[in-house]
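# After the sequence you'll find the predicted model.
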Amino acid sequence: MAKRRRRKLAVMLHADVVGSTNLVQKDEALAHERIRDAFRRFANTARTYGGLPHELRGDALVVEFERASDAVSAALAFQRENAERNATLDGAIRPVLRVGIGMGEVVIADHTVTGAGVVLAQRLEQFAEPGGICIQGAAYETIPRRLPFHYEPLGEREVKGFEEPVRAYRVAQAPGHAIPAAERRLRFKTTSLAVAILGLILLITAALAWLRPWERIEAPASVERMAFPLPDQPSIAVLPFANLSGQPEQEYVSDGLTENIITVLSQVPGMFVIARNSTFVYKGTIVTSQRAAEELGVRYVVQGSFQRESDQIRVHAQLIDALTGRHVWSARFDRTFSGIFALQDDVTQHIVSALEVKLTEEQKARLAWRYTNNVTAYDHFLRGQQHFFRYTEEDNESARALYRQAIDLDPAFSRAYGALAFTYAHAFRRGWYGPSERPLERAAELIEQALAIDSSLPQLHWTQAYIRVYQRQHEQAIEALEKATDLDPNYAQAYGLQGWVYVLTDRPGEAIAIVGKALRLSPYSQAELFLTLGEAYYWTGRYGDAATTLKKAVEYNHNHLHNHIYLAATYVQMGRRQDAEWEAFEVTTLEPQFSLEQWLEVQPHQDPSQLNPLADDLRRAGFPE
């Protein structure tokens with residue numbers, strides 16, 4: 001009989017015993033007994049946190065979880081319990097485990113699990129210390145920052161069997177905090193009572209199937225448990241649409257669909273919309289509307305799925321009132337790929353209508369606006385976005401080529417011109433250009449072309465502001481950002497960049513206020529926002545706040561030199577010289593040719609003398625001239 005195979009995205013935990021061969025050589029029978037006992041205890045702990053053990057073998061344990069936070073909590077709880085148990089054992093046979101946690105596609109067949117997700121977790125485990133835990137960066141990004149975990153960034157690591165480096169973190173229990181308790185889950189034995197209850201559940205489920213989608217009820221969110229105060233206006237988070245095509249290469253389409261819905265809703269007056277960078281931390285995870293609403297501080301949540309088969313696409317979308325758990329609106333759309341623009345229009349208009357937001361005729365027309373009518377050009381643009389957001393030099397070049405192809409197909413595709421301009425600006429900032437190239441000038445030319453075609457796109461004004469900063473035209477940059485936020489009042493990136501311009505123009509107090517607004521719109525996955533806020537705290541002399549904030553920036557992006565540079569200067573001001581010297585060491589490790597003089601020369605501050613106190617602090621930290 002052929003095996004029943006099922007593919008899915010999952011959080012996988014892989015645990016192994018450190019030095020198991022040596023333990024077996026000392027006393028084979030006792031070693032096997034204690035190792036099996038350790039794995040049994042770990043499996044039981046995992047189950048209490050919602051884990052599903054797939055394989056319990058003599059040399060490893062593989063467990064599937066829905067949430068990375070549950071996997072980490074289970075691993076921490078077991079490691080603590082195992083250390084306590086080992087302390088009571090006689091002799092040297094004391095099994096110590098290492099744990100790796102990763103997210104990826106797995107294949108489940110006949111109660112065994114294989115695939116990239118399992119292999120990645122196994123590889124990550126090798127970076128963990130004995131008795132420790134190592135997690136993938138993508139898994140780390142899905143874990144709420146309120147949980148009491150301490151992270152040690154390991155940067156990007158080469159992983160055998162994977163083409164791209166993997167960002168990794170070691171994770172431990174935060175000092176002075178308890179490990180999160182397991183949520184209570186009901187489990188029944190197979191008894192006549194259980195069968196009766198199961199039958200009742202099936203009857204209720206069948207009855208609910210007859211209800212209209214908007215009459216379904218989920219567990220409601222609690223205002224008291226929300227991480228942020230609930231806004232006065234209708235507040236909404238659009239979670240990444242799940243790609244159910246069974247084709248990972250279609251991910252760029254589902255991501256583009258989600259991003260465009262967010263972009264359009266963000267421009268609707270009177271709405272509060274969470275930014276893409278924060279909703280995308282849930283990508284690839286199973287999350288309830290209740291949890292998302294409480295962690296992001298919104299009332300409404302949009303969830304959906306995307307499928308593509310050749311030229312046919314199917315999209316399911318639903319709008320949920322998290323405070324009541326009620327489905328306000330739900331629909332399925334079947335279109336050809338050429339109808340994707342009309343599909344996006346339908347979804348956004350249904351959401352706005354369901355929320356009873358009143359719009360003028362002009363505003364309604366804007367809801368149906370699109371970047372291009374050329375579907376092939378749009379497809380190239382989305383592919384370019386997929387490459388660009390990987391933030392590597394090679395992907396920046398790949399994105400540039402795809403944006404050019406989109407423009408060739410539609411010379412009036414203003415958003416593609418803007419995206420192409422930003423690849424040059426990004427290359428300038430990262431130093432990805434040769435001595436004869438002039439990327440900043442090319443970026444400026446392209447953004448002017450984009451704005452000449454259509455000046456109503458907030459993203460174009462943001463890109464223009466970014467270029468103006470490096471041209472040291474700070475007031476013009478602020479003007480461009482004010483235009484961007486006039487067009488999109490929920491534009492977190494624009495508020496964040498404006499905060500940085502305020503830092504550059506010696507207005508750190510204003511920077512703190514506006515970056516706070518950006519962080520409310522995008523509370524997660526924003527290294528740049530935490531860096532800007534940390535810089536502002538440094539320049540106002542709030543060094544304790546600066547250290548706390550800059551450490552968050554380092555957690556989000558360990559490889560960003562500015563995070564370590566400002567943290568080093570902050571530590572000098574706090575009298576923590578050794579910590580400052582360590583941050584200087586981190587910088588020279590990341591960039592061996594680092595020169596303080598050269599770094600200061602390229603900083604786009606309006607008044608270069610503003611940098612003198614910072615330069616003095618960095619010299620005291622030991623940065624090479």
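Okay, I see it.
# switch to C-alpha atoms for all contacts and neighbour counts from now on
Fine.
# does Met103 sit in a helix, a strand or a coil?
Following DSSP: H, G, I helix; E, B strand; the rest coil, Met103 is assigned to strand.
# The residue nearest to it when sequence neighbours are not counted: neighbour count?
Leaving out its chain neighbours, the residue that sits closest to Met103 by Cα to Cα, 6 or more residues apart in numbering is Val11, at 4.5 Å. The burial count assigned to Val11 is 28, neighbours taken as other Cα atoms under 10 Å.
# Surely Val11 is within a strand?
Yes: under three-state DSSP, Val11 sits within a strand.
# from memory Val99 sits against Glu125, does it?
Yes: Val99 is in contact with Glu125 according to Cα atoms under 8 Å; the separation is 4.9 Å.
# the more surrounded of these two?
When Val99 and Glu125 are compared on other Cα under 10 Å, the one with more neighbours turns out to be Val99, at 32 against 27.
# now the more buried one, what's its secondary structure?
Per three-state DSSP, Val99 ends up strand.
# do Ser245 as well
Applying three-state DSSP: Ser245 is coil.
# residues near it, how many?
Ser245: 17 neighbours (other Cα under 10 Å).
# Tell me which helix or strand the residue nearest to it when sequence neighbours are not counted sits in.
In space, and not counting its chain neighbours, Ser245 is closest to Gln307: 4.5 Å by Cα to Cα, 6+ apart. Counting by DSSP states H and E, the element that carries Gln307 is strand 300-309.
# again, but for Tyr424
helix 414-430.
# Could you list every helix and strand in contact with that helix?
helix 393-409, helix 439-453, helix 458-470 (3 or more Cα pairs under 8 Å, 6 or more residues apart in numbering; DSSP states H and E).
# What separation do you get for Gly161 and Gly115?
Distance of Gly161 to Gly115, computed by Cα to Cα, to the nearest Å: 11 Å.
# Equivalent analysis for Pro165, please.
Separation of Pro165 from Gly115 (Cα to Cα): 18 Å.
# again with Arg291
28 Å.
# more neighbours, those two?
Legend: neighbour count by other Cα under 10 Å for Arg291 and Gly115, higher for Arg291 (17 against 14).
# ok, back up a step: quick one: buried residues of the strand holding Gln307?
By 16 or more other Cα atoms under 10 Å, the buried positions in strand 300-309 come out as Tyr300, Val301, Val302, Gln303, Gly304, Ser305, Phe306, Gln307, Arg308.
# Which neighbours in the sheet does it have, and how are they oriented?
Paired neighbours of strand 300-309 in the sheet (DSSP bridges): strand 235-238 (parallel), strand 242-243 (parallel), strand 312-321 (antiparallel).
# To Gln25, which of those strands lies closest?
Nearest to Gln25, of all those, is strand 242-243, at 48.4 Å by Cα to Cα.
# And the contacts of the closest one?
By Cα atoms under 8 Å, 6 or more residues apart in numbering, the residues outside strand 242-243 that reach it are Gln250, Glu251, Ser254, Lys283, Gly284, Gly304, Ser305, Phe306, Gln307.
# right, and the strands paired with strand 300-309 - which one's nearest Arg438?
Between Arg438 and the strands paired with strand 300-309, the shortest gap by Cα to Cα is with strand 235-238, which sits at 38.6 Å.
# From Ala465, how far out is the nearest residue in space to Leu521 that is not next to it in sequence?
Spatial nearest neighbour of Leu521, chain neighbours left out: Ile274 (5.0 Å); criterion: Cα to Cα, 6+ apart. For Ile274, the distance to Ala465 equals 22 Å [Cα to Cα].
# Then Lys483?
10 Å.
# Need the pLDDT of the nearest residue to Trp539 once chain neighbours are set aside.
Computed as Cα to Cα, 6+ apart, the closest residue to Trp539 that is not its neighbour in sequence is Pro508, at 6.4 Å. Here the pLDDT value assigned to Pro508 is 96.
# Surely Pro508 and Gly541 touch.
No: here Pro508 does not reach Gly541: they are 10.1 Å apart, not a contact under Cα under 8 Å.
# So for the two, which sits in the more crowded spot?
Taking neighbours as other Cα under 10 Å, Pro508 and Gly541 compare with Pro508 leading, 22 against 13.
# one step back: for the strands paired with strand 300-309, could you give me CSV that also reports mean pLDDT and mean neighbour count?
Formatted as CSV, the strands paired with strand 300-309 follow (pLDDT from 0 to 100; neighbours: other Cα atoms under 10 Å):
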stretch, mean pLDDT, mean neighbour count
strand 235-238, 96, 25
strand 242-243, 86, 22
strand 312-321, 91, 21
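# Throw the ones you listed into TSV and include distance to Glu479, thanks.
Converted to TSV, those look like this (distance: least, Cα to Cα, whole Å):
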stretch	distance to Glu479
strand 235-238	27
strand 242-243	38
strand 312-321	36
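# mind checking which of the ones you listed is nearest Glu583?
Once the strands paired with strand 300-309 are compared by Cα to Cα, strand 235-238 is nearest, at 36.4 Å.
# Residues touching that closest one, excluding its own?
Contact with strand 235-238 is made by 258, 261-262, 271-275, 279, 292-293, 296, 298-303, as judged by Cα under 8 Å, 6+ apart.
# what's the closest non-adjacent residue to the residue most central in space within the chain?
The residue lying closest to the centre of the chain (Cα atoms, centre = their mean) is Val281, at 3.2 Å. Spatially, and ignoring its direct neighbours in sequence, Val281 is nearest to Thr142 (5.0 Å; Cα to Cα, 6+ apart).
# Thought Ala68 was touching that neighbour, still the case?
Yes: with contact defined as Cα under 8 Å, Thr142 counts as touching Ala68 (6.9 Å).
# More neighbours: which of these two?
In this view Thr142 and Ala68 are compared by other Cα under 10 Å, and Ala68 has more residues nearby, 27 against 22.
# residues in contact with the more buried one?
Val11, Ile101, Ala139, Tyr140, Thr142, Ile143.
# ok, now which ones touch Asp454?
Ser414.
# can you give me the strands in the stretch 51-200 of the chain?
Counting by DSSP state E, counting those that start in this stretch, the stretch 51-200 of the chain has strands at residues 52-56, 60-65, 97-109, 112-114, 133-136, 149-157, 166-173.
# Most tightly packed of these?
Of these, the one with the most neighbours on average (mean count of other Cα atoms under 10 Å) is strand 133-136, at a mean of 28.
# Show residues contacting stretch 176-183.
Residues contacting stretch 176-183 (Cα under 8 Å, 6+ apart): Thr48, Tyr49, Asp70, Ser73, Leu76, Ala77, Leu147, Pro148, Gln173.
# right, and Leu618 touches His562 too?
No: counting by Cα under 8 Å, Leu618 does not reach His562; the two are 11.8 Å apart.
# So which of these two has more stuff around it?
Regarding Leu618 and His562, a neighbour count based on other Cα under 10 Å identifies Leu618 as having more, with 25 against 19.
# does that one belong to a helix or a strand, and which?
Secondary structure (DSSP H and E) places Leu618 in helix 612-621.
# could you give the mean pLDDT of that helix?
On average, helix 612-621 scores 96.
# for stretch 137-151, same thing?
For stretch 137-151, mean pLDDT is 87.
# What are the contacting residues of that stretch?
By Cα under 8 Å, 6+ apart, stretch 137-151 touches 11, 68-69, 101-103, 166-174, 177-180, 281-283, 285, 295, 524-525, 555.
# which residues touch Asp617?
So, once contact is read as Cα under 8 Å, 6+ apart, Asp617 ends up touching Ala568, Ala569, Val572, Gln573.
# what's the answer for Glu158, then?
Glu158 neighbours (Cα under 8 Å, 6+ apart): Glu164, Pro165, Val166.
# I'd say the last one and Leu154 touch.
It refers to Val166. No: using Cα under 8 Å, Val166 makes no contact with Leu154, being 9.8 Å away.
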